[in-house]
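1. Give the three-dimensional model of this entry:
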Amino acid sequence: MKMTKMTLAAAAALFATSVAVAAPMKFVKADANGDGAVDAAEFAASGMKKDMAKLDKDGDGKLSKKEYSAGMDEDCE
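-> All right, here's what the predicted structure looks like:
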């Protein structure tokens, strides 16, 4: 019985971890400080596997919602 509970707990933890890693955060969650843009630190924590510099079309060092969303759209293809 204890082994079954431990196995289920381990499987649940593994599943939760894989889900968090699999999909990048939505913009509102990635914009942790709520300033309307995703900076380099927030981008690094977002889980997106893109080059931020390539997504930053206006070169201001942060991503607008539109720029961030474009990166998410590319992840879905």
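2. Next, count neighbours for the residue nearest to Leu55 when sequence neighbours are not counted.
-> Nearest residue to Leu55 in three dimensions, chain neighbours excluded: Gly71, at 4.6 Å (Cβ to Cβ, 6 or more residues apart in numbering). C-betas here are computed from N, CA, C, even on glycine. Applying other Cβ atoms under 10 Å, we find 22 residues neighbouring Gly71.
3. From what I see, Gly71 and Ser46 are in contact.
-> No: taking contacts as Cβ atoms under 8 Å, Gly71 lies outside contact range of Ser46: 9.0 Å.
4. that older thread, show me the contacts for the residue nearest to Leu55.
-> Residues near Gly71 by Cβ atoms under 8 Å, 6 or more residues apart in numbering: Pro24, Met48, Lys50, Leu55, Leu63.
5. how far away is the third one from Asp31?
-> The gap separating Lys50 from Asp31 is 16 Å, by Cβ to Cβ, to the nearest Å.
6. Tell me which of these two has more neighbours.
-> Ranked by neighbour count (other Cβ under 10 Å), Lys50 and Asp31 place Asp31 first, with 21 against 17.
7. what pLDDT does that one get?
-> Looking at Asp31, its pLDDT stands at 96.
8. Alright, I will stop here.
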